[in-house]
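Peer 1: need coordinates for the following:
(2 chains)
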There are 2 protein chains.
Amino acid sequence: LNGEVISIGHELLMGEIVDTNSSFFAQRLAETGVTVRWFSSVGDDLSHICEAIERALSRSDVIVTSGGLGPTSDDLTREAVARVLHEEMRVDAGLLAWLEGVFRQRGIAMPSTNIKQATLIPSATSVPNPTGTAPGWWVTSRGRHIILTPGPPREITRMWEETIGPRLAQITGTGVVYTRTLKTYGMTEGGIDEVLADLFGKENPYLGIYARPDGIHLRIIAKAPTRPEAARLAEPVEREIAARLGTAIWGTDAETPASRVIALLSAQGRTLAMADSATGGNTAALLAATEGHGKVFKGALVTGPESGSLGAVLAAASAAARVVQALDGEHQALALADAAREGLGADVGLSVTRTPDGGVYFGAVSDKGSHSGGETRRWPRDIAMNRAAVMALIGLAGAVSRGEV
Amino acid sequence: LNGEVISIGHELLMGEIVDTNSSFFAQRLAETGVTVRWFSSVGDDLSHICEAIERALSRSDVIVTSGGLGPTSDDLTREAVARVLHEEMRVDAGLLAWLEGVFRQRGIAMPSTNIKQATLIPSATSVPNPTGTAPGWWVTSRGRHIILTPGPPREITRMWEETIGPRLAQITGTGVVYTRTLKTYGMTEGGIDEVLADLFGKENPYLGIYARPDGIHLRIIAKAPTRPEAARLAEPVEREIAARLGTAIWGTDAETPASRVIALLSAQGRTLAMADSATGGNTAALLAATEGHGKVFKGALVTGPESGSLGAVLAAASAAARVVQALDGEHQALALADAAREGLGADVGLSVTRTPDGGVYFGAVSDKGSHSGGETRRWPRDIAMNRAAVMALIGLAGAVSRGEV
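Peer 2: Take a look at the predicted model:
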């Protein structure tokens, strides 16, 4: 099936916002067996929107639009679809009751302009929008599907997951799409390609490989009539990958290096302190951005990554740090981690530090033991701090999950 | 003049990358007097690219494409334009010599596939690409302009600034576009609108107002035959805004809160240390991401923003911090800033801290004096740390520039 994504809004064509919805839809449509061949964007102009929809109807089986479902006179996507299909928009009693309820909950009277958000045309059914006031439309006409969604990415994600994705998978006969992502660190794309060569190139389950800032991701996509069946299809592939890649896999699905650290330490009721002379506070910022950090993350001692050794800073915080200056690489990292743990009174200490020759090392220390590692390759300047933060967090997560720290 | 932007590449339609080029072109085209009415994206498919270019030629005066100028058989944008215009691609001796030189400098032999990057058609001239191997094309045909650029955003930016923008401004009669951005903090959009009401709504110089994470930005866009003339047009507007908004303006053009702090302290040869119990290391990360931080930014003491007062951490680093726990709001912030300065041995101390009632305060301290401030409103959770970091950095920059700290 051919797919097409149309994004609608003046602000796109002024360059005021970057369109991220189209790539979201493209990914999701591909999973559902729809090959997207065209994106287009038009402004809030009725004839331009009509033209774009007419063209899409002439060449695409599934058309997804975003934007133009608001309450103002600039929001014209419904009007355009009604005009192209020669149908009339009518207020739907059920939608109106729902919309009035939304406003009641917010404690404000519904402005009369919002009534058009409660309309449908005869060939459309409504797509619930649990986080906004603009329900979507699902139009079936001439054997084509036109799916209208609002502009805000957050609303679209929920609508796709709860309604559009499942319904579309049924229509395309894809059934349910089950995806599972395994995240690795420390192996190259080529190295993984070699180890898993026989698993690639299959249709169902499909195995994709993607290079990301936190390592190489492997994505298993299985399609079957029901979710348990799809999961059963994916499961042996996951098991096989896990057996071959072992500890190179540090997480799955939505896990991040920081969420993995927080989850592991949180489950053990332990706290974490950091010494950072390589990432300029970025590692702490990743931890602080993670749900649940409050009970785990006690703090960090950060030096400007170009301002010299952390030893000088830590000397003020901990006598243990005085010896740090004399050490190199991993040993320095371990001494720093220990000093941070002691200085900030945490169960686990983590450090990330840079040596004068450009190597970046991390150290993790607790009462249980210690673990350290490093990278001597030079990352490009603009991503070096993020990469070092990721390395340290994944290194710590591995050590904690193995019980070494 | 009507404008249209076409982005080309399979990876866009798979949702693997988000298209940021289209919004870049849309902004730049608008400044040059071209109104963009359509974006479209197609894959690496010759007939689809031809179709998109033909449609664009039927409705737009200026067409900009990105992508598809690489050396592989998948890169088909030149081929599509040649086909649509019934012209033949020929190797250009000058381009070939340049391209061979690029490879010679890189110390590798030019692969024969790259030769097509040295081709032109009769109605095209070349657009130099100083940072890549794919020169652009500028095609003039049927009174339309088709401008072909490669995919990488970094290459496009240089090509626009050095060649496309100036040439297009001459063609459209816009002359030179001069822009000047004034960045404010602490005023609302409505408040600024009131104070500057009479300056808005003019054509040339045009004054735009934009809400950004680091405050409200005002952008003056002046057009004139030459750059000095355009600058002269903008200058009285800038002077008027500066007079009315005074110290609410913290920076201009590409300045960021962190670059402002680094530039001011660097010029004075002073160093900076931080205590952070509100932004989880984000303030340090902003400083560490800024050119020139090495000589200025010594380090930061960071607590997990939900793990309680920074006083406990600082107690280990500085005796001065022992009193901190007893203080509130701005006074606590000042004590923390002083402790960070002392503990890390810097000239200037900056702190950002949160009180239990949700207020966020910053303090800045040096031998010269001190300055503090705060916000009691609650920012949404996902942006709170960034907003607090911006507040502290802008607060410090103001105090340093006024000689208070």
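
Peer 1: roughly how far apart are the closest residue to A:G173 other than its chain neighbours and chain B?
Peer 2: Computed as CB to CB, 6 or more residues apart in numbering or on different chains, the closest residue to A:G173 that is not its neighbour in sequence is A:G33, at 7.5 Å. The way it works is simple: take the backbone N, C-alpha and C, and place the C-beta from them, glycine included. Distance of A:G33 to chain B, computed by CB to the nearest CB, to the nearest Å: 14 Å.

Peer 1: OK, contacts around A:G33?
Peer 2: A:L1, A:A169, A:T172, A:G173, A:T174, A:K223 (CB atoms under 8 Å, 6 or more residues apart in numbering or on different chains).

Peer 1: ok, now A:G175?
Peer 2: When contacts are counted by CB under 8 Å, 6+ apart, A:G175 touches A:A169, A:K223, A:A224, A:P225, A:T226, A:E229, A:A230.

Peer 1: excluding sequence neighbours, find me the nearest residue to the third one.
Peer 2: In this case it means A:A224. Nearest one to A:A224, counting by CB to CB, 6+ apart, is A:A230 at 3.9 Å.

Peer 1: where's the one you found, which helix or strand?
Peer 2: Assigned by DSSP states H and E, A:A230 belongs to helix A:227-245.

Peer 1: distance between the helix or strand following that helix and the chain's centre?
Peer 2: Downstream of helix A:227-245, the next assigned helix or strand under DSSP H and E is strand A:249-252. In terms of CA atoms, centre = their mean, to the nearest Å, the centre of strand A:249-252 is found 15 Å from the chain centre.

Peer 1: after strand A:249-252, which helix or strand is next?
Peer 2: Defined by DSSP H and E, the subsequent element after strand A:249-252 is helix A:257-267.

Peer 1: tell me how many other residues surround A:G173.
Peer 2: 11 (other CB atoms under 10 Å in any protein chain shown).

Peer 1: what of the one 10 residues further on?
Peer 2: Counted with other CB under 10 Å, the burial measure for A:K183 works out to 24 neighbours.

Peer 1: contact partners for it?
Peer 2: Counting by CB under 8 Å, 6+ apart, A:K183 touches A:R212, A:D214, A:G215, A:I216, A:H217, A:L218, A:I249, A:W250, A:G251, A:T252, A:E255.

Peer 1: A:R239 too?
Peer 2: For A:R239, no contacting residues are found, by CB under 8 Å, 6+ apart.

Peer 1: okay, it: pLDDT?
Peer 2: Looking at A:R239, its pLDDT reads 98.

Peer 1: how close does the most centrally placed residue in chain A sit to A:L272?
Peer 2: The centre of chain A sits closest to A:A254, judged by CA atoms, centre = their mean, with a distance of 6.6 Å. From A:A254 across to A:L272, the span is 21 Å (CB to CB, to the nearest Å).

Peer 1: for A:F39, same thing?
Peer 2: In terms of CB to CB, A:F39 sits 43 Å off from A:L272.

Peer 1: cool, and A:P128?
Peer 2: Distance from A:P128 to A:L272, by CB to CB: 41 Å.

Peer 1: neighbour count winner among the two?
Peer 2: Using other CB under 10 Å as the criterion, A:P128 and A:L272 rank with A:L272 on top: 30 against 12.

Peer 1: any idea of the pLDDT on that one?
Peer 2: For A:L272, the model assigns a pLDDT of 95.

Peer 1: which positions in the stretch 101-250 of chain A make contact with chain B?
Peer 2: Contact residues (CB under 8 Å from any CB of the partner chain) of the stretch 101-250 of chain A with chain B: A:Y210.

Peer 1: ranges for the helices of the stretch 101-250 of chain A?
Peer 2: Here the stretch 101-250 of chain A has its helices, by DSSP state H, counting those that start in this stretch, at A:153-159, A:165-171, A:189-195, A:227-245.

Peer 1: all the strands of the stretch 251-400 of chain A, residue numbers only.
Peer 2: A:272-276, A:297-303, A:348-354, A:360-365, A:370-375 (DSSP state E, counting those that start in this stretch).

Peer 1: using CSV, lay out these together with distance to chain B.
Peer 2: CSV is the format used below for the strands of the stretch 251-400 of chain A (distance: least, CB to the nearest CB, whole Å):
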stretch, distance to chain B
strand A:272-276, 8
strand A:297-303, 3
strand A:348-354, 12
strand A:360-365, 14
strand A:370-375, 18
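
Peer 1: of the contacts of A:G175, buried ones?
Peer 2: A:A169, A:K223, A:A224, A:A230 (16 or more other CB atoms under 10 Å in any protein chain shown).

Peer 1: next, count neighbours for A:R381.
Peer 2: As a burial measure, A:R381 scores 7 neighbours (other CB under 10 Å).

Peer 1: do you know how far it is from B:A288?
Peer 2: Taking CB to CB, one finds A:R381 at 12 Å from B:A288.

Peer 1: how about A:G398?
Peer 2: 26 Å.

Peer 1: compare neighbour counts for the two and give me the winner.
Peer 2: B:A288 (27 against 22).

Peer 1: which ones are touching that one?
Peer 2: A:T279, A:G280, A:G281, A:N282, A:G304, A:P305, A:M385, B:F297.

Peer 1: same thing but at 6 Å, please
Peer 2: Applying CB atoms under 6 Å, 6 or more residues apart in numbering or on different chains to B:A288 gives the contacts A:G280, A:P305.

Peer 1: go on, the one 5 residues further on?
Peer 2: Counting by CB under 6 Å, 6+ apart, B:H293 makes contact with A:G304, B:I262, B:L287.

Peer 1: for B:D74, state which of those is nearest.
Peer 2: B:L287 (42.4 Å; CB to CB).

Peer 1: wait, the closest one touches B:A258, no?
Peer 2: Yes - using CB atoms under 6 Å, B:L287 is in contact with B:A258, at 5.1 Å.

Peer 1: where does chain A have low pLDDT?
Peer 2: Across chain A, the ranges flagged by pLDDT under 70 are A:306-328.

Peer 1: longest single helix anywhere in it?
Peer 2: helix A:381-401 (DSSP state H).

Peer 1: roughly how far is that helix from the heart of the chain?
Peer 2: 18 Å.

Peer 1: that one to strand A:370-375, inter-axis angle?
Peer 2: On the basis of axes from the mean of the first three to the mean of the last three CA atoms, to 10 degrees, helix A:381-401 is oriented at 150 degrees to strand A:370-375.

Peer 1: helices or strands up against helix A:381-401?
Peer 2: Helix A:381-401 is packed against helix A:257-267, helix A:282-288, strand A:348-354, strand A:360-365, with contacts defined by 3 or more CB pairs under 6 Å, 6 or more residues apart in numbering or on different chains; DSSP states H and E.

Peer 1: any buried residues in it, and which?
Peer 2: A:384-400.

Peer 1: with stretch A:336-348 instead?
Peer 2: Neighbour-count burial for stretch A:336-348 [16+ other CB under 10 Å]: A:L336, A:A337, A:D338, A:A339, A:A340, A:R341, A:E342, A:G343, A:L344, A:A346, A:D347, A:V348.

Peer 1: of all the residues you listed, which comes closest to A:A364?
Peer 2: For the buried residues of stretch A:336-348, the nearest to A:A364 is A:A337 (5.9 Å; CB to CB).

Peer 1: what about that closest one, distance to chain B?
Peer 2: Taking CB to the nearest CB as the measure, A:A337 falls 15 Å from chain B.

Peer 1: that residue against A:S351, yeah?
Peer 2: Yes - look at A:A337 against A:S351 with CB under 6 Å: they come within range, at 3.9 Å.

Peer 1: quickly list what's touching both of these two.
Peer 2: Joint contacts of A:A337 and A:S351 (CB under 6 Å, 6+ apart) are A:G363.

Peer 1: follow-up on the earlier one: a markdown table please, covering the contacts of B:H293 and showing distance to B:G165 and neighbour count.
Peer 2: Below are those laid out as a markdown table (distance: CB to CB, whole Å; neighbours: other CB atoms under 10 Å in any protein chain shown):
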| residue | distance to B:G165 | neighbour count |
| --- | --- | --- |
| A:G304 | 37 | 27 |
| B:I262 | 29 | 24 |
| B:L287 | 32 | 27 |
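
Peer 1: many thanks, I have nothing further to ask.
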